[in-house]
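> Provide a 3D model corresponding to the input given below.
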Amino acid sequence: MHTLSNVEFMLLQMIAEHRQASGYDIMKLVEQRGYKEWANIGTTSIYVGLKKLSDKGWISPETSDEKSGKGPTPTRFALTEAGIRKLRNEILDSLSSTRERDNRFDLGLAALPHIGKEEAVIALRKRLDFLGQASINIRQKYESQGGVSLPLNVRALFLHPLGLIESEQAFVSRLIHELLEEA
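Presented below is the predicted three-dimensional model:
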C-alpha cells in the first residue's frame, strides 16, 4: 500500500528537481511534460497535494522575495529531510515493484467464450485503433517537447507508455490472429 498518491509523488519529484517550487511553477512543469494527458492532474489536485505534503511534514513553505506581475508573492515549497527520505523510498519502491494491470480488460478476455468470434475481433480491432491513436498523441507530445534531446527522466515519461502500448498492440494482434484461425 502506497502512502503517497500519484499526485503527491509527482509533486515531491518536481520540488526536489527545482529545490523550491510554487504551485504555479509545478503547473507549468505538468503542462510541459504532458502529465495532464495521461495522469489526470489538474490545478486543484496540485494545490490539495501541496497542502497534504505540508501537513505530513514532507515539504515546508519558504518565503521568497521573488515576485513577477501584480499577483501575490508565490509561496514556494522545499523538501524537508523527512520529505527527501520519503521521496527516495517511494522511488525505490516504484521502480522495484510491479503495478496493477487493466483488470477490466482481463475480465473481458476471460469472458470471450460468451460472445461471437466476429464480435470479439471487431472489439479487439477497436482496441488496436484506440492504442494506435494514443501512441500517435504521445509521440507528438514527445517530439514537441524536444524528443531525444530531453533529459533521460523526462524522455522515460514518454518512452515507457509507448513501449507498453507497442507490447499491448502486439498481444492484441496475436489474439485476433488466433481467433481468426480457430475453426
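
> Next secondary structure element downstream of the helix or strand harbouring K141?
Taking DSSP states H and E as the definition, K141 sits inside helix 117-145. Next in sequence after helix 117-145, counting helices and strands by DSSP H and E, comes helix 152-181.

> Buried residues of that next one, list them for me.
Of the residues in helix 152-181, V154, R155, L157, F158, P161, I165, E168, Q169, V172, L175, I176 count as buried by neighbour count, 16 or more other C-beta atoms under 10 Å. C-beta: built from backbone N, CA, C; applies to glycine.

> Distance-wise, check the fourth one relative to R127.
Think F158. 21 Å (C-beta to C-beta, to the nearest Å).

> What of K86?
To R127, K86 is 37 Å away according to C-beta to C-beta.

> Likewise for K56?
40 Å.

> and what of L175?
10 Å.

> likewise A78?
A78 sits 44 Å away from R127, going by C-beta to C-beta.

> for E62, same thing?
Remark: distance between E62 and R127 (C-beta to C-beta) = 47 Å.

> what's the answer for E119, then?
Going from E119 to R127 by C-beta to C-beta gives 13 Å.

> Can you tell me the closest non-neighbouring residue to V148?
R155 (7.1 Å; C-beta to C-beta, 6 or more residues apart in numbering).

> for that neighbour, what are its contacts?
Counting by C-beta atoms under 8 Å, 6 or more residues apart in numbering, R155 touches Y142, G147, V148.

> what about the residue nearest to the second one when sequence neighbours are not counted, distance to D25?
What it means is G147. For G147, ignoring the flanking residues on the chain, the nearest one in space by C-beta to C-beta, 6+ apart is R155 at 7.9 Å. Counting by C-beta to C-beta, the gap from R155 to D25 is 21 Å.

> How many residues are close by I84?
Neighbours of I84 under the rule other C-beta atoms under 10 Å: 14.

> What pLDDT is listed against it?
The confidence metric pLDDT takes the value 94 at I84.

> check which helix or strand covers it.
Using DSSP H and E, I84 sits within helix 81-96.

> buried residues in that helix?
G83, K86, L87, E90.

> out of those, who's nearest F9?
Nearest to F9 out of the buried residues of helix 81-96 is E90 (C-beta to C-beta; 5.6 Å).

> Please report how far the closest one lies from T3.
For E90, the distance to T3 (C-beta to C-beta) stands at 8 Å.

> again, but for G23
Separation of G23 from T3 (C-beta to C-beta) stands at 22 Å.

> what about these two, which has more around it?
G23 (17 against 11).

> right, and P74 touches I26 too?
No. Between P74 and I26 there is no contact under C-beta atoms under 8 Å: 10.6 Å.

> Thank you kindly, that will do.
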